[in-house]
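Q: Sharing a sequence plus its predicted fold:
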Amino acid sequence: MENLLPRAKQAEFHRLKLTKKRQLTKNTFEMEFEIPEVLKPNFKFEAGQYVTVKYPSKGRVFQNDFSMTSAPFEHKISLGIKINDENSSTKDLYNDFEIGDEVEISEPKGRFTLVSKPHEFRTIIGFAGGIGITPLISHFKNILYNEPRTRLFLFYGNRKSEEIAFKNELDALAKKYGNRLQIFYFFSQETGSDNLFHGRLDERKLKLIINQILHLDDTDEESTIWDAVDEVLICGKGEMIKSLANACYSNGIPKRNIHFELFEEYNEDIYPQEKEFPLIEDIEVDFKLFGRNYATELPDNRSRLLHQLLVQKFPVPYSCKSGICGSCECILEEGKVELLENEYLTEKEEKKGHILACMSVVLSKKIKVNFDLI
Ligand code: FES
């Protein structure tokens, strides 16, 4: 993916040697980098994280984020990357670097992670759209390796079968782990014999998946597989995430168990706001971000603080937009906000004035916040 999300903090870069490069589909490719012994502590990572790659293209230096497909136990950095169009900088990344070349790669980061539970019997489902499969491959390899009793279901959407990235790897994993991993491919522009697998992964499709795939559970006749789902992982474009996250939530999965990673800039909120607030207009906002002080005005408090700052194109860090990951954490230094939901901050942090911009509705004419926590 060419991920354009703002970087949460200034990254530390190192030069890593490219050890493998191969085309996956017409517009996706894989790059693999070796981690030298001396940099192993810097490149310790968790499944689902990403790195930033610095590379030149068309007279500029690009810094783009790419999720890793490698799992921590593999001790290497593998990336799946999409070339969006002829002018995409990633086309130069593919063409200009050869095996043996060094590329500047940041230390891993990101909060699309799961706590490992090797002794539990868990059911985890994943939804991926296009190149959004990359962090899910890392998660799935990691879970299959570390949690011998956990079972996984993957629902992977593409426009056409020829666009499936990492198909051989996924099928090999399913073969190796038998019933513990089941993969279902969906195509929006291709029809097969079963209509279930035709169309986009969205709310309507989830209903069919629950009824036709995640139904009776062999391991527990009283329950369905869907009822046993512990965690949901979703990665892809904003609209897909919004539709599926809301559908999972309305079908009984708590928000804290729905994890997602956006693969594009997305200014909309993932979950709708359920509560109403007195209208406040012309709100003054002062904030500090990456060492700079900014001052702006919000037209009103109809939408949350993060959303309004992103609409104004401020590079505020975010990931989940639903109070789970903590990427948008900041300190409220002046004014009043209401935190709609919080699955991240501790009580102690809340008392110290920490808030999550994605879940904050402004309730005063002026606020002052600081995103530079350290
Ligand atoms: S963006 Fe994840 S908590 Fe705000």
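A: Received, thanks. Numbering: from 1, shown residues only.
Q: what residues are up against Glu284?
A: Counting by CB atoms under 8 Å, 6 or more residues apart in numbering, Glu284 touches Ala295, Glu297, Lys365, Lys366, Ile367. The C-beta positions use only the backbone N, C-alpha and C, and glycine is treated the same way.
Q: Okay, and it sits in which element?
A: Element membership for Glu284, per DSSP states H and E: strand 281-289.
Q: For the ligand, state which of the contacts of Glu284 is nearest.
A: Relative to the ligand, the closest of these is Ile367; by CB to the nearest ligand atom it sits at 16.4 Å.
Q: quick one: contacts for that closest one?
A: Taking CB under 8 Å, 6+ apart as the test, what Ile367 contacts is Ile283, Glu284, Val285, Asp286, Leu305, Leu332, Glu334, Gly335, Lys336, Val337.
Q: Could I get the average pLDDT for the longest strand along the chain?
A: Secondary structure assigned by DSSP state E gives strand 13-25 as the longest strand of the chain. When pLDDT is averaged along strand 13-25, the result is 97.
Q: Would you mind measuring from the spatially most central residue of the chain to the ligand?
A: Against the mean C-alpha coordinate of the chain, by CA atoms, centre = their mean, the closest residue is Glu261 at 1.3 Å. Distance, Glu261 to the ligand, by CB to the nearest ligand atom, to the nearest Å: 11 Å.
Q: For the longest strand of the chain, give me every contacting residue.
A: 29-36, 39, 42-43, 52, 54, 76-78, 80, 94, 97-107, 162-166.
Q: For the helix or strand just after that strand, output the C-alpha coordinates as CSV.
A: Per DSSP H and E, strand 13-25 leads on to strand 28-34 as the next helix or strand towards the C-terminus. The C-alpha coordinates for strand 28-34 follow below in CSV (Å, rounded to 0.1, in the frame of the first residue of the first chain):
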residue,chain,number,x,y,z
THR,A,28,1.6,-5.2,-6.6
PHE,A,29,5.1,-6.4,-5.5
GLU,A,30,6.9,-7.7,-2.6
MET,A,31,10.2,-6.5,-1.0
GLU,A,32,12.1,-8.3,1.7
PHE,A,33,14.9,-6.8,3.8
GLU,A,34,17.5,-8.5,6.1
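Q: In the sheet, which strands lie alongside strand 28-34, parallel or antiparallel?
A: Take DSSP bridges as the rule and strand 28-34 pairs in its sheet with strand 13-25 (antiparallel), strand 76-82 (antiparallel).
Q: Tell me which of the ones you listed is the most buried.
A: For those, the largest average neighbour count (mean count of other CB atoms under 10 Å) is found in strand 76-82, namely a mean of 22.
Q: after that one, next one along is what?
A: helix 89-96.
Q: which parts of that following helix are buried?
A: Ser89, Thr90, Lys91, Asp92, Leu93, Tyr94 (16 or more other CB atoms under 10 Å).
Q: got a list of what the fifth one touches?
A: To tie it back to what came earlier, the one meant is Leu93. By CB under 8 Å, 6+ apart, the contact set of Leu93 is Met31, Val53, Tyr55, Ser57, Phe62, Ile81.
Q: What is the nearest of those to Pro72?
A: Checking these against Pro72 with CB to CB, the nearest one is Met31 at 18.2 Å.
Q: neighbours around that closest one, how many?
A: Neighbour count for Met31, taken as other CB atoms under 10 Å: 23.
Q: Next, the closest residue to the ligand within the stretch 51-200 of the chain: secondary structure please.
A: Closest contact between the stretch 51-200 of the chain and the ligand, by CB to the nearest ligand atom, is at Arg111 (7.2 Å). For Arg111, the assignment made with DSSP: H, G, I helix; E, B strand; the rest coil gives coil.
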